[in-house]
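**Student:** Need the 3D shape of this:
(2 chains)
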2 protein chains.
Amino acid sequence: MIYRKNISPQPSLRTYRREFCIMGYEAIKSIFEPQSIAIIGASRDQKKVSNIILNNLLKADFKGKIFPINPKVKNILGLKTYPSLQDVPDQIELAVIVVPSIIVPKILRECHRKEIKSVIVISGGFRETGKDGEELEKKVIQIVRKTGIRLVGPNCIGIQNPRIGISMWGVIKKGGPIGIIAQSGTVKGAIEFWAEKEGIGISKSIALGNKVDIDEIDLLPYFAEDPNTKVIAMYLEGITDGRKFLEVASEVTKKKPIVVLKGGKTEAGKRAALSHTKSMAGKDEIFEAAFRQSGIIRAHTIEELYDFSKALAFLPLPKGRRVLIITSSGGAGILAADLCEKLGLKIPQLLERTEKRLRRLLPAYCIFDNPFDLTITTAERFQLVIEENLNNKDNFNAFIPIFGDPIPQAAEAVKSVLKITEKPVLVCYIAGGEVEEEEKTKMHKMGIPVYPSPERAVTALNTLVKRYEMLSRNCSS
Amino acid sequence: MIYRKNISPQPSLRTYRREFCIMGYEAIKSIFEPQSIAIIGASRDQKKVSNIILNNLLKADFKGKIFPINPKVKNILGLKTYPSLQDVPDQIELAVIVVPSIIVPKILRECHRKEIKSVIVISGGFRETGKDGEELEKKVIQIVRKTGIRLVGPNCIGIQNPRIGISMWGVIKKGGPIGIIAQSGTVKGAIEFWAEKEGIGISKSIALGNKVDIDEIDLLPYFAEDPNTKVIAMYLEGITDGRKFLEVASEVTKKKPIVVLKGGKTEAGKRAALSHTKSMAGKDEIFEAAFRQSGIIRAHTIEELYDFSKALAFLPLPKGRRVLIITSSGGAGILAADLCEKLGLKIPQLLERTEKRLRRLLPAYCIFDNPFDLTITTAERFQLVIEENLNNKDNFNAFIPIFGDPIPQAAEAVKSVLKITEKPVLVCYIAGGEVEEEEKTKMHKMGIPVYPSPERAVTALNTLVKRYEMLSRNCSS
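**Tutor:** Take a look at the predicted model:
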């Protein structure tokens, strides 16, 4: 296991805990793929988080067993409810704790007695709230250390695994290729909802909360091994152990792309990060350099985190920076060209023989250049232009078709192209109204990512180029 | 009329034409608000642009008369069709020309005979296609010069005016506050479709095409006077007469905001712009300085053009840079704070007395800072925090509430706040799934713009600040 953590020469509370617990791949697996879940603090009140979680698990059609725990009621949402963990006759793989913070230590001890190895503490009220909370959190850490329980949170909104019907916050049904590790439930949720809406889906996701135990370093190996995860999208405020994180991340990025959005870049953001998760956000230049060194791709907005993950999850890498823009819209083509040049992507002209052939095959009003402007046109002509270029050897490394009107059959045209090439095709569909919605849905079903503006398509392509160049450097060194 | 064009001391073809035609506010009005439209070159073939335009006018329920012109058929889409313009018994206010480019000059002469003063030439095949097209375009210019006809295009996709049922490209039904002048049908279409989808709507829009006659300088005064237009969104590749444009724009921006997206910033983009509309894109630094000087706000992507227009159309201006971020999401709050600081917006702390009051009114797990982090919460608490601040004098100039979970009743809460303040409230709603969709729709119906990420809300606010500062400079100078 290349990922196993080393024991620090100066053991702190954290390293001690790590040493004691070792890594526990199985415990992490129990968090994402449990056969059974206990909801401790389950409530009948629809406004309570525990009720929402239970309800979401039912709506998402969780395949395993669910045991609500509440001493006061017999039945919640049609499920038999147990007074305490000890009353559950079966084994429990994962405990989700949603009780007032003050009794979390007691519950953790009960979990240990029930031989539960993995818990998620949803409850807030720990170090994020001041001195008393800090004391309480220390108690939790001590119990984790003593018992070997692996703990997610506290102060988090849990995990999702749509393929086996685990939804804790919002109902996510579509299984897809994007894995999410986030120190913010909302950033996680945003990616999830966008991916759900577009029919792209996520593999697994987790909100870290205060990360007193399980952190990004524990999780990366799991996501790296997970066959459903093609890209790891991360939102981080602080990093628990910078050196170790980069060591692990450097290994993982050789295998799978990691995209990181980092909160707390500025003084204002750092102050907020300190309040939010007590993260020491540190100097942004250091992160920038460290991310680059370890092959991590950096996003600067939540939308970029999504866009980049989408591209990296679905598209092959371009073997260079030469892009052909094919467009029905002169304006959108120009905006794409502008951004390509700004980002250092090349948009060379067509080979002479290709241009000649295309001039014979297409109307004279087309602009036989790069951007290749078809003006008012059909999807077949997009296909024709890309195919003619592909048939004429290696002039381009990537294609950006911009469907800039309501152009039907775009999905079929792109799909046909993909059959004969391993070069990335970054589709932009814009100003297409209902036809755009239909074609986009079709393409996402086919595993073809679509971007809503030329600028977002180009920026996503640039990310693929960066990843290719990073991997090439690694190979040659 | 402050906008009337001066006669250049060295009359060129263009200035000659201008001198000859004078400005023709009435002719421009006929383009956007005609009582009757002739579609010359109307076709029964559903794939032809002329058929699409006719069909769209019918779908959008155009209030005036439509006269399809085609010598070969009697009836198109249920409308009586005339062999030629001369056969139409009524007066015609606007002619839309969709014929092969070679006969456009002939048709223009017929328009003149029929005393039509305003035409839109949809047909392409002019200077954008090479030498022959250039000659043809010169002929068109000569006719325009001789006859005084005002002409939009050629090589464009016309106009929209949803309030009277004019849709030429895509069916746009929602009348709203955004006016669009664009040298690209797709950029125009993107804004239109987004505005339609969000229920925000546009006032009027126009695609300029090759702009041999009517250009941005002619149009700005019309949009400035139009009571339905609250903001003018422009996409430009080149500017016909830079000095004149800035002169007119400087006048208009005193009254209404102008947002410009400029294509052809880089060498690659310039080359493409030259092919697209034969625009000389010029040095970007010059545009940047000129835009700033004339009070124009610059967008750098199509999404920014939309976001900025949305903010400027609906929101009051903040009288300073002090922002309060109220959030249910620590992460999204941090990302907003980071971007505020980067853009020079201030996020000062709460006044002591306000903080004290809020500590009494809200649970201890809230973070009583800026960003004000409510964590898991209700819409009423957002309202409470903003109201308590408003009741305590002028500490903030703007508010950014970030609804970062499925929080119902957000629309009502924001609406209540707006009743007691004239400060801008830039709503971000993210990670809210179906609840988000519902609340967003409600807010857009109420005229409250909603942004899909904290970063886009902050950038839009920054635009309002820029506009306020520009207007303040003008007042004090």
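
**Student:** Any buried residues in the one helix or strand A:A336 maps to, and which?
**Tutor:** Assigned by DSSP states H and E, A:A336 belongs to helix A:330-343. With burial defined by 16 or more other Cβ atoms under 10 Å in any protein chain shown, the residues of helix A:330-343 counted as buried are A:330-341. In this view, the C-beta of every residue, glycine as well, is placed from N, C-alpha and C.

**Student:** which stretches of chain A have low pLDDT?
**Tutor:** A:1-24, A:277-281, A:476-477 (pLDDT under 70).

**Student:** pretty sure A:V171 is touching A:A60, no?
**Tutor:** Yes - if you go by Cβ atoms under 8 Å, A:V171 and A:A60 touch, sitting 5.3 Å apart.

**Student:** returning to what we had before: turn the buried residues of helix A:330-343 into TSV, including distance to chain B.
**Tutor:** Formatted as TSV, those follow (distance: Cβ to the nearest Cβ, whole Å):
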residue	distance to chain B
A:G330	3
A:G331	2
A:A332	5
A:G333	6
A:I334	4
A:L335	6
A:A336	9
A:A337	4
A:D338	4
A:L339	8
A:C340	6
A:E341	4
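
**Student:** Which strand in chain A has the most residues?
**Tutor:** Counting by DSSP state E, the longest strand found in chain A is strand A:175-182.

**Student:** Run me through the strand neighbours of that one, direction for each.
**Tutor:** Looking at strand A:175-182 with DSSP bridges, its partner strands are strand A:202-207 (parallel), strand A:231-236 (parallel).

**Student:** do the helix or strand following that strand and chain B meet?
**Tutor:** The helix or strand immediately downstream of strand A:175-182 is helix A:185-197, counting by DSSP H and E. Yes - Helix A:185-197 reaches chain B (Cβ under 8 Å from any Cβ of the partner chain) through A:185-190, A:192-193, A:196.

**Student:** Residues of the stretch 351-477 of chain A that sit close to chain B?
**Tutor:** A:364-365, A:367, A:369, A:371, A:373, A:375-376, A:404-406, A:430-433, A:436, A:452-456.

**Student:** How about A:Q293: what's its closest non-neighbour residue?
**Tutor:** A:L246 (6.9 Å; Cβ to Cβ, 6 or more residues apart in numbering or on different chains).

**Student:** which residues does the one you found contact?
**Tutor:** Going by Cβ atoms under 8 Å, 6 or more residues apart in numbering or on different chains, A:L246 touches A:290, A:293-294.

**Student:** Now the residue lying farthest from the centre of chain A: which helix or strand?
**Tutor:** Taking Cα atoms, centre = their mean as the measure, the residue most remote from the mean C-alpha position of chain A is A:R360, 45.6 Å away. Assessed by DSSP H and E, A:R360 sits inside helix A:352-361.

**Student:** mind listing what's buried in that helix?
**Tutor:** A:354-355, A:357-358.

**Student:** Would you mind checking which of those is nearest to chain B?
**Tutor:** A:E355 (13.3 Å; Cβ to the nearest Cβ).

**Student:** Which residue is the nearest non-sequential neighbour of that closest one?
**Tutor:** A:F368 is the one closest to A:E355 (Cβ to Cβ, 6+ apart), at 5.1 Å.

**Student:** got the contact list for that neighbour?
**Tutor:** A:F368 sits in contact with A:350, A:355, A:358-359, A:362, where contact means Cβ under 8 Å, 6+ apart.

**Student:** for the longest helix along chain A, the distance to its chain's centre please.
**Tutor:** In chain A, ranked by residue count with DSSP state H as the criterion, the top helix is helix A:454-476. Mean-position distance between helix A:454-476 and its chain equals 18 Å (Cα atoms, centre = their mean, to the nearest Å).

**Student:** part of a strand, is A:P363?
**Tutor:** No - counting by DSSP: H, G, I helix; E, B strand; the rest coil, A:P363 is not found in a strand; it is coil.

**Student:** Could you check how far it is from A:R381?
**Tutor:** For A:P363, the distance to A:R381 equals 9 Å [Cβ to Cβ, to the nearest Å].

**Student:** do A:I400 as well
**Tutor:** A:I400 sits 15 Å away from A:R381, going by Cβ to Cβ.

**Student:** More neighbours: which of these two?
**Tutor:** Neighbours per residue, other Cβ atoms under 10 Å in any protein chain shown: of A:I400 and A:R381, the larger number sits with A:I400, 29 against 21.

**Student:** Reduced to three states, what does the more buried one come out as?
**Tutor:** Three-state call for A:I400 (three-state DSSP): strand.

**Student:** Confirm for me that it is in contact with A:A336.
**Tutor:** Yes - using Cβ under 8 Å, A:I400 is in contact with A:A336, at 6.0 Å.

**Student:** what touches both of these two?
**Tutor:** Taking Cβ under 8 Å, 6+ apart as the contact rule, A:I400 and A:A336 both touch A:325, A:428, A:454, A:457-458.

**Student:** Could you list which residues are in contact with the residue in the stretch 351-477 of chain A positioned nearest to chain B?
**Tutor:** Using Cβ to the nearest Cβ, A:A431 is the residue of the stretch 351-477 of chain A that sits closest to chain B, at 3.1 Å. A:A431 is in contact with A:329, A:332, A:404-406, B:170, B:185-190, B:192-193, counting by Cβ under 8 Å, 6+ apart.

**Student:** Strands of the stretch 101-250 of chain A, start to end?
**Tutor:** Ranges of strands in the stretch 101-250 of chain A, per DSSP state E, counting those that start in this stretch, are A:118-121, A:150-152, A:159-161, A:166-167, A:175-182, A:202-207, A:231-236.

**Student:** Quick check, A:F126 in contact with A:E134.
**Tutor:** Yes - A:F126 lies in contact with A:E134 (Cβ under 8 Å); the separation is 7.4 Å.
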